[in-house]
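Engineer: just to be clear, the model below is a prediction. Sequence and coordinates:
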Amino acid sequence: MREDDSTISNRPDGSTSNDSPRFIIITGGVLSGLGKGIAGASIGHLLSTRYKVIPIKCDGYLNTDPGTMNPIEHGEVFVLDDGSEVDMDFGHYERYLNCTCTKEQSLTMGKVFTAVQEKERRGDYLGKTVQFIPHVTDLIIEKFKKAAEGSDIAIIEIGGTVGDIENELFIEAARQLAIEVGRKNSLFVHLTYVPYLDNVKELKSKPTQISVKQLLERGISPDMIICRSNRPITDVIKRKISIFCNVSEESVFSGHDLEYTYDLPELLYDQGIIKKLNKYLDLELDPEPKLLWPALISNIRHPENEITIAICGKYTALEDSYASIFEALTHCSAHTKSKINIRMIETTNIKNEEDAKVKLQDVDGMIVPGGFGDRGTEGKIQLIRYARENDIPFLGICLGLQLATIEFARDVCGIEDADSEEFNQYAGSKIIAYLPGQHKGIDMGGTLRLGSYEAHLDSSSKIYDIYGKESIVYERHRHRYEVNPEFHDILKKNGLSLAGFSPDKRLVEFICLEDHPYFVATQAHPELKSKLEKPAPLFLGLAKAAIMHRHAFQKEMQAN
Ligand code: GLN
């Protein structure tokens, strides 16, 4: 227990200067998938009302990054401005902390081992036997400190659950770091699961007790416990956890299921977390900070419109693979006061116009998201054609832009064999092609164009208006292929607005149809920068167009 709560302190006090960053270490117990990222990000959200907060995420796997991992297995690959491919939790952190993360903040065991091996080959260990402790743990600590440089508070989230072999070294490194920086500069938060048993109608604290014991075995006594559950944690259970887990009762927080995860900062705030953070970390957070989110969430709770947006994709099996798209749509709900129903459309069986019509008949807008490989692409092309010809608002993202361009080339420009080099290496007309030399560097994902790129918008296009009349915009990319410059002229001549280009005018970044209610696509992934306070402009534009579409539809129904 923290000495400032009561009597016992089982951790040495390093009492270092408080100018150096503080570290909040988030561990998980009982189950994975409880939402450590959201919990860490919610604490960070409250802290960021006054301090510069950065997240550091540790993943125990041996891949260097999740770039090559199947999204069905691992969820969405999030891309940072600097081009690194990172865990989707970075999405939560950037959204909750309003920060821009860098590759130093993403630590996988793969990266750590590579660094240790490199050091060993360089002879940096001076003939010593290279060992997990201290060499690997020291390197992890060094990376924690490096990533935290310049921040007031670093939130270190350790992936998985306590007891997983693959995360032991991160936990050990965090323990040592806490000793080094002292107790006013470190805080351990443990996220656990409190199940409700129907047969006895009770919440059960035992799994939490066991997972805290596992943490204690590793020399860490949590300072705060956040309990995930499907209902609010009662005071009786909080007391029990307090007694058995050696934390004060006010440091046990209910983190029960919420309708919107954006409600979590307020839930923690209502339970007094700010007071605790101020006390434990010697901070000066405003005890009653002005939180912007409750009003925005209230807009989502009390909608004035209802629309249906279709997402036409391949990875419909795991919704996590489109996490940022769902988030961006939630942000639009808050700003348009609308309930957005999401309809997932699996496109592999869509063969013709009739199939597309059936799928889209009661839809107010559609998104064709990013993707790799050719499965389902012909179905998506059918859907795009239907949207184009029937004035259904459409937003194409990355692969969505490529398919919209192919569809336009085939149907409007009459280039029947238009295709992407990705789907058909021998296509007669490679409208979408690999253009060597467009990516920033071989190390970052080989031939993928990754990270933030500048685009110049045509001031006479709709896209320019949608972006609030900005002529230069930055969005994040993750793709290999581009609209082939050999076809720019013919596409333009036939009425496709190539509305945004790379500064050298070679790469098409945005397209749209100026005479369609909303037919817009981008080679980038604008969903990655969408925030609850400021939705991605292209998504907001889609939501607004979809509301108009719904109103027009309702009017028509009334007239008939
Ligand atoms: N597969 C396409 C490419 O590599 C699109 C990628 C994506 O949508 N992210 O260019």
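Structural biologist: Perfect, I can see it now.

Engineer: contacts, neighbours, all on C-alpha from now
Structural biologist: Fine.

Engineer: so, low pLDDT: which residues of this protein?
Structural biologist: 1-19, 71-72, 314-318, 438-446 (pLDDT under 70).

Engineer: need the residue closest to the centroid of it.
Structural biologist: Gly91 (2.2 Å; C-alpha atoms, centre = their mean).

Engineer: skipping its backbone neighbours, what lies nearest the residue in the stretch 151-300 of the chain that the ligand sits nearest to in space?
Structural biologist: Using C-alpha to the nearest ligand atom, Gly159 is the residue of the stretch 151-300 of the chain that sits closest to the ligand, at 25.5 Å. Spatial nearest neighbour of Gly159, chain neighbours left out: Asp59 (5.1 Å); criterion: C-alpha to C-alpha, 6 or more residues apart in numbering.

Engineer: specify the beta-bridge partners of that neighbour.
Structural biologist: Thr108 (DSSP bridges).

Engineer: spell out which residues of this structure are next to the ligand.
Structural biologist: Neighbours of the ligand within the chain, by C-alpha under 6 Å from any ligand atom: Gly370, Gly371, Phe372, Cys398, Leu399, Arg478, His479, Arg480, Tyr481.

Engineer: give the buried residues for the host helix or strand of Leu264.
Structural biologist: When elements are assigned from DSSP states H and E, Leu264 belongs to helix 264-270. Within helix 264-270, the residues that qualify as buried are Leu264, Pro265, Glu266, Leu267, Leu268, Tyr269, counting by 16 or more other C-alpha atoms under 10 Å.

Engineer: ok, now stretch 189-202?
Structural biologist: Val189, His190, Leu191, Thr192, Tyr193, Val194, Pro195, Tyr196.

Engineer: my guess is the fifth one contacts Leu31, does it?
Structural biologist: Yes - when contacts are counted by C-alpha atoms under 8 Å, Tyr193 is listed as touching Leu31 (6.9 Å).

Engineer: sheet-wise, list the partners of whatever helix or strand Glu157 lives in with their directions.
Structural biologist: Assigned by DSSP H and E, Glu157 falls within strand 153-158. For strand 153-158, the paired strands and their directions (DSSP bridges) are strand 22-28 (parallel), strand 53-59 (parallel).

Engineer: keep only those of the residues of the chain next to the ligand that are in helices.
Structural biologist: Among the residues of the chain next to the ligand, DSSP state H puts Leu399 in helices.

Engineer: now, of the residues of the chain next to the ligand, which are buried?
Structural biologist: Using 16+ other C-alpha under 10 Å as the burial test, the residues of the chain next to the ligand include Gly370, Gly371, Cys398, Leu399, Arg478, His479, Arg480, Tyr481 as buried.

Engineer: quick one on the thing from earlier: and the strands paired with strand 153-158 as TSV, adding distance to Gln105 and mean neighbour count?
Structural biologist: Formatted as TSV, those follow (distance: least, C-alpha to C-alpha, whole Å; neighbours: other C-alpha atoms under 10 Å):
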stretch	distance to Gln105	mean neighbour count
strand 22-28	13	26
strand 53-59	4	25
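
Engineer: dump the ones you listed into a markdown table; add distance to Ala433 as well.
Structural biologist: Output for the strands paired with strand 153-158, formatted as a markdown table (distance: least, C-alpha to C-alpha, whole Å):
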| stretch | distance to Ala433 |
| --- | --- |
| strand 22-28 | 44 |
| strand 53-59 | 35 |
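
Engineer: quick one: closest of those to Thr137.
Structural biologist: Closest approach to Thr137 among the strands paired with strand 153-158 (C-alpha to C-alpha): strand 53-59, 12.6 Å.

Engineer: just the residues contacting the closest one, thanks.
Structural biologist: With contact meaning C-alpha atoms under 8 Å, 6 or more residues apart in numbering, strand 53-59 is reached by 41, 44, 47, 89-90, 93, 97, 99, 101, 105-109, 144, 147-148, 151-160, 167, 170.

Engineer: go on, stretch 352-368?
Structural biologist: 307-313, 345, 350, 379-380, 382-383, 386, 392-397, 399-400, 542-543, 545-547, 549-550.

Engineer: so Lys555, which state does it fall into?
Structural biologist: Under the three-state scheme (DSSP: H, G, I helix; E, B strand; the rest coil), Lys555 adopts helix.

Engineer: Ser151 contacts Ser48, correct?
Structural biologist: No - proximity of Ser151 to Ser48 does not meet the contact threshold set by C-alpha under 8 Å, at 10.7 Å.

Engineer: look at the two and report which has more neighbours.
Structural biologist: Using other C-alpha atoms under 10 Å as the criterion, Ser151 and Ser48 rank with Ser48 on top: 20 against 16.

Engineer: residues touching that one, list them.
Structural biologist: For Ser48, the contact set (C-alpha under 8 Å, 6+ apart) comprises Leu97.

Engineer: could you rerun that using 6 Å?
Structural biologist: Under the criterion of C-alpha atoms under 6 Å, 6 or more residues apart in numbering, Ser48 has no neighbours.

Engineer: helices along the stretch 451-560 of the chain, start to end?
Structural biologist: Ranges of helices in the stretch 451-560 of the chain, per DSSP state H, counting those that start in this stretch, are 462-466, 488-493, 537-559.

Engineer: so which of those is the most packed in?
Structural biologist: Across the helices of the stretch 451-560 of the chain, averaging neighbours per residue (mean count of other C-alpha atoms under 10 Å) puts helix 462-466 on top, at a mean of 20.

Engineer: what are the contacting residues of it?
Structural biologist: Contacts for helix 462-466 (C-alpha under 6 Å, 6+ apart): Leu457.

Engineer: export that helix as PDB, just CAs?
Structural biologist: Extracted in PDB, the C-alpha atoms of helix 462-466 (Å, rounded to 0.1, in the frame of the first residue of the first chain):
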ATOM      1  CA  LYS A 462     -15.100  19.800 -53.300                       C
ATOM      2  CA  ILE A 463     -12.300  18.200 -51.300                       C
ATOM      3  CA  TYR A 464     -10.800  21.600 -50.700                       C
ATOM      4  CA  ASP A 465     -14.100  22.800 -49.200                       C
ATOM      5  CA  ILE A 466     -14.400  19.600 -47.100                       C
END
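
Engineer: for the residue of the chain found nearest the ligand, what are its contacts?
Structural biologist: Residue nearest to the ligand within the chain: Gly370 (3.0 Å; C-alpha to the nearest ligand atom). By C-alpha under 6 Å, 6+ apart, the contact set of Gly370 is Ile397, Cys398, Leu399.

Engineer: try it again with 8 Å
Structural biologist: Ile397, Cys398, Leu399, Gly400, His525.

Engineer: that one and Val77: what is the separation?
Structural biologist: Noted for Gly370: a distance of 11 Å to Val77, by C-alpha to C-alpha, to the nearest Å.

Engineer: helices of the stretch 301-450 of the chain, residue ranges please.
Structural biologist: 323-336, 353-360, 377-389, 399-411.

Engineer: I meant to write the stretch 1-150 of the chain there.
Structural biologist: 36-47, 71-74, 89-97, 109-122, 137-148.

Engineer: what are the boundaries of the strands in the stretch 101-250 of the chain?
Structural biologist: 106-108, 153-158, 186-193, 196-197, 202-203, 224-229 (DSSP state E, counting those that start in this stretch).

Engineer: direction included, what does the longest one pair up with?
Structural biologist: Read it as strand 186-193. Strand 186-193 is paired, per DSSP bridges, with strand 22-28 (parallel), strand 224-229 (parallel).

Engineer: ok, the fourth one next?
Structural biologist: Within its sheet, and counting by DSSP bridges, strand 196-197 is paired with strand 202-203 (antiparallel).
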